[in-house]
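Asks: here are the coordinates; sequence isn't available:
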Ligand code: SF4
């Protein structure tokens, strides 16, 4: 191994420190340049809300980013025990439920004999449905039935089948069941059961 004098050792050390300092300076400059050129994160400054995807009965956890009152991103919630951060394409695109220009925002009706759907108001749609339910209930409600030769009070509505939606949550499903039972509907189910 070549010998190095004390003087040369000091020179070599000083040069190494200077080179290291220069390298650091270049690194800092490169980082700064990269920072200036880098695009800001789409989610920068966005608020985070947690939720559940209700497209299907799996119930994946969602991290929803909201900016200026608009949903800008839906990601899987990493801590959620069901999906552990993953989402299928339906959950991933959930923001389109509120943002899409194709979103239907009013009821449509296709009148008897018509070949096209027409927009109607919510009031008209609700009145139409309520009147139809009342009409069918009055026509098909069964108060008593003969079971094993004995007339028994049954109070059931045979003329309506009701199908709940995978888009409703637990509380809404509870209300849906109560509403059906209050009417006497006994033929009802939920999308998740199918
Ligand atoms: S992300 Fe996909 S799998 Fe998960 S609940 Fe939504 S639709 Fe179902």
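Replies: Nice, I can see it. As the structure is a computational prediction, the values presented were derived from the model and not from experiment.
Asks: contacts for stretch 166-185, please.
Replies: The contact list for stretch 166-185 (CB atoms under 8 Å, 6 or more residues apart in numbering) reads 52, 54-57, 133, 137, 141, 155-157, 160-162, 164, 186, 188, 190-192. No exception for glycine: its C-beta is placed from N, CA and C like everyone else's.
Asks: which of those are close to the ligand?
Replies: 55, 56 (CB under 6 Å from any ligand atom).
Asks: any quick ChimeraX command for the buried ones out of the contacts of stretch 166-185?
Replies: In ChimeraX, a selection of the buried entries from those looks like this (16 or more other CB atoms under 10 Å):
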select :52,54,55,133,137,141,156,157,160,162,164,186,188,190
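Asks: filter the contacts of stretch 166-185 down to the ones in strands?
Replies: Per DSSP state E, strands hold the following members of these: 52, 141, 155, 156, 157, 160, 161, 162, 164, 186, 188, 190.
Asks: list just the nearest of those to the ligand.
Replies: residue 52 (7.4 Å; CB to the nearest ligand atom).
Asks: just want the residue of this structure that's nearest the ligand.
Replies: Of all residues in the chain, residue 91 sits closest to the ligand, at 2.4 Å by CB to the nearest ligand atom.
Asks: my guess is that residue is in a helix, correct?
Replies: Yes. According to DSSP: H, G, I helix; E, B strand; the rest coil, residue 91 belongs to a helix.
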